[in-house]
Each structure stands twice: as C-alpha cells, then as structure tokens.
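In: From the sequence below, what's the structure:
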Amino acid sequence: MRPQVRPSEPEVLKANSQKWNDQWVKLKTGNPSASFSWYRIENQSARDLILPALREMNQRHCSFCDSFPLERQGEPIEHFRPKSDPRFLHLAYTWTNLYYCCHGCNGAKREQWNDDDRLISPDESDYSFQRFFAFDFVGGRLVVNPVGNEVDQRRATVTIDIFQLNQPALCRLRRDALEIWTNLPEVSRMLNRHPFRDFLNPDGI
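Out: This next block holds a predicted model:
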C-alpha cells in the first residue's frame, strides 16, 4: 500500500455528490434491501466520470494491494466506509471515500468496517508504508511492522485481514513479479508499469 495524494474532486461530484448522497440515504433508509447503482448524468454513469481521477491517484494500481493493470478487471471502485452501512450511507458519493481497487481487494473487504481498530487508508496525511508494514520477501507476505507502536500494529493487522492481503494467490503473484523484475534490464525498470511496487523495490527507485 503506497502513499497516495488525492487529486482534486471531479466536477461531477462537486456539483452532484450532496444530492446523490441524499437520494441514496432516502432510498436505502426506506428500503433496506435496495441495491446500490451509480447515478447517471447526461446519459453517463457517475462511476465512469470519476474513474480518470481515481486512476491518477495511484498510477492505475490497486490502492490497497498495488496490483496492476486493472482495466481487464473492470476497475472496481471501493467505498472505504461501506455504502450500505446505515452509518455511512451519506458517504456513497463522497470523493474522499472512493478508491481505485482490484477485484480481489474489493471482494475481500465487501461491506466490512472495524470501529475499534480503524482501517488504514493510503491517502492519510501521515501515512507511510514503513510506519505500518514490512515484507517477508521469501514468502511474499505483507507483515506488521514489528517495531511499530501498539495502535499502529493493530491497525495494520486489521487492514491486512480485512483486505486479505496475504491470501496465497497474492503472495505467489508477488514472488512471481519479483522474479520477473529481478531479471529485467535496467532500461525496463519503470516501476509504475509493474505490480506490487513496494515489494519489487522498497526504496521506490
């Protein structure tokens, strides 16, 4: 999970997010079984209109596991605070609650939220990978920073568990990506064009 800087809010959300949030709150409160679908404006889905800015936020990588590319996966958008949780209905179209995400992380998290040990978001102002995490480079596992403070360690543990960042397939993909990276000529080592960037090159060079 690499630090991210959130781009400016897309104009379509500046103009419509409050209205759309209010509509979703009203719909879901009146009918708890209602399913979420993106509202449309001028015959375009709001989802498609905000995707370019979300892609920019993390250079087209998953915001959580850093897999790449996501275009063939349908480019899910993750509602960090769950859009169907009654506490967070009012955030369904809020820019700071939306993240570019792979199917694996999106499907693992689903509508989960942890109040006691808050999930880590990669665009927190004081977030750094080293503060919360480290890597087991042999096994391909993301691990909790062993010298972090107790609160940070709990947050890292919850984040790893809810996003299932150590599922066996993901660990294998990290190891495979590292083997490919190791054998690439220097001219091909453009880090943003490869998945799992922190695992490939912790120094970001």
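In: Summarise which helices and strands the helix or strand harbouring residue 14 is packed against.
Out: Per DSSP states H and E: residue 14 is located in helix 11-30. Under the contact criterion of 3 or more Cβ pairs under 8 Å, 6 or more residues apart in numbering; DSSP states H and E, helix 11-30 touches helix 46-57. No exception for glycine: its C-beta is placed from N, CA and C like everyone else's.
In: hmm, who's touching the helix it packs on?
Out: Contact with helix 46-57 is made by 4-10, 12-13, 16, 20, 38-41, 63, 75, 77, 93, 95, 98-100, 123, as judged by Cβ atoms under 8 Å, 6 or more residues apart in numbering.
In: Please apply the same query to stretch 70-84.
Out: Applying Cβ under 8 Å, 6+ apart, the contact partners of stretch 70-84 are 24, 28, 36, 47, 50-51, 54-55, 60-64, 87-89, 91-92, 97-103, 105-106, 109-113, 119, 121.
In: Next secondary structure element downstream of the helix holding residue 14?
Out: strand 40-41.
In: What distance do you get for residue 48 to residue 187?
Out: To residue 187, residue 48 is 35 Å away according to Cβ to Cβ, to the nearest Å.
In: neighbour-wise, which of these two wins?
Out: More crowded of residue 48 and residue 187, by other Cβ atoms under 10 Å: residue 48, with 12 against 6.
In: How about the secondary structure of the residue nearest the centre of the chain?
Out: Nearest to the mean C-alpha position of the chain, by Cα atoms, centre = their mean, lies residue 63 at 3.2 Å. Secondary structure, DSSP: H, G, I helix; E, B strand; the rest coil: residue 63 is coil.
In: quick one: it from residue 125, how far?
Out: Distance from residue 63 to residue 125, by Cβ to Cβ: 16 Å.
In: same question, residue 135
Out: Distance of residue 135 to residue 125, given as Cβ to Cβ: 24 Å.
In: you'd agree the residue nearest to the centre of the chain is up against residue 4?
Out: Yes. Counting by Cβ atoms under 8 Å, residue 63 sits close enough to residue 4 to count as a contact (6.5 Å).
In: Identify the contacts common to those two.
Out: Applying Cβ under 8 Å, 6+ apart, one finds that residue 63 and residue 4 are jointly contacted by 57, 122.
In: that older thread, would you show me how to pick out the buried ones of the contacts of helix 46-57 in ChimeraX?
Out: Those of those that count as buried under 16 or more other Cβ atoms under 10 Å are selected in ChimeraX with:
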select :4,6,9,10,12,13,16,20,38,39,63,75,77,93,95,98,99,100
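In: of residue 135 and residue 125, who's got more company?
Out: residue 135 (17 against 6).
In: can you give me phi and psi for that one?
Out: Main-chain torsions, residue 135, degrees, to the nearest 10: phi -120, psi 140.
In: ditto for residue 79
Out: Per-residue torsions, residue 79: phi -90, psi 100 (degrees, to the nearest 10).
In: count of residues packed around it?
Out: When neighbours are defined as other Cβ under 10 Å, residue 79 has 22 of them.
In: can you tell me how far it sits from residue 112?
Out: Distance of residue 79 to residue 112, computed by Cβ to Cβ: 11 Å.
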